[in-house]
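Asker: The sequence and its predicted three-dimensional model are supplied below.
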Amino acid sequence: MSRKSTKNANFFSKESKNTGEFFKVIEIACKGLNYISETDAPVLPFAGEPADTVTSNIILRQLGRPAGEPVEEIEFDEFFGRLTLIREWYGEPERQMAEKFLELQRLLEEFLNQRKVFRIGRIQVDIFAVGLDRDGRLMGVSTYAVET
């Protein structure tokens, strides 16, 4: 981890029980991150309600979305793999963005259990990379993509 992410991780220790503090750490880690598709969308912290497990039905219910809405579940590592890969031809801005996504991935891996990524909808796709925090609350990040 870079110095910045180590600082953020130290701000929220494994012993802390304060979900609000962890939300602030995620918020700091998301600052300046954009998810690139046919549009650039900000990556934002997400805090849901307590849950026993992480499923598409639970995320839809917590978002107030219809149960029949199309949801694709993808592996957490697969989602972040594309965002953290540094290609040979990247310039400095692209490298920095990939490194920031890697810091975010590591933060979420350290503090969330049952991590999953849900893509909800078609064409305008809402994306949630979430898991359960130590209090059993759905927590993570959200963004969206436009795919025509």
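Answerer: Received it, and whenever you're ready, just let me know what you need.
Asker: Check which residues of the lengthiest helix in the chain are buried.
Answerer: Of all the segments assigned as helix in the chain under DSSP state H, the longest by residue count is helix 92-111. Residues 97-108, 111 are the ones in helix 92-111 that count as buried (16 or more other CB atoms under 10 Å). In short, each C-beta sits where N, CA and C put it, glycine included.
Asker: how about the helices in the protein?
Answerer: 3-11, 19-30, 56-63, 76-84, 92-111.
Asker: May I see those arranged in TSV, with mean pLDDT as well?
Answerer: Output for the helices of the chain, formatted as TSV (pLDDT from 0 to 100):
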stretch	mean pLDDT
helix 3-11	42
helix 19-30	92
helix 56-63	97
helix 76-84	96
helix 92-111	96
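Asker: so which of these comes closest to residue 119?
Answerer: Counting by CB to CB, residue 119 lies closest to helix 76-84 out of these; the figure is 8.8 Å.
Asker: circling back to that earlier point, which one, of the helices of the chain, ends up nearest to residue 37?
Answerer: Of the helices of the chain, nearest to residue 37 by CB to CB is helix 76-84, at 11.2 Å.
Asker: ok and that closest one relative to helix 92-111, angle-wise?
Answerer: With axes from the mean of the first three to the mean of the last three CA atoms, to 10 degrees defining the directions, helix 76-84 sits at 160 degrees from helix 92-111.
Asker: Packing partners of helix 76-84?
Answerer: Helix 76-84 is packed against helix 92-111, strand 113-120, strand 124-132, with contacts defined by 3 or more CB pairs under 8 Å, 6 or more residues apart in numbering; DSSP states H and E.
Asker: All set now, cheers.
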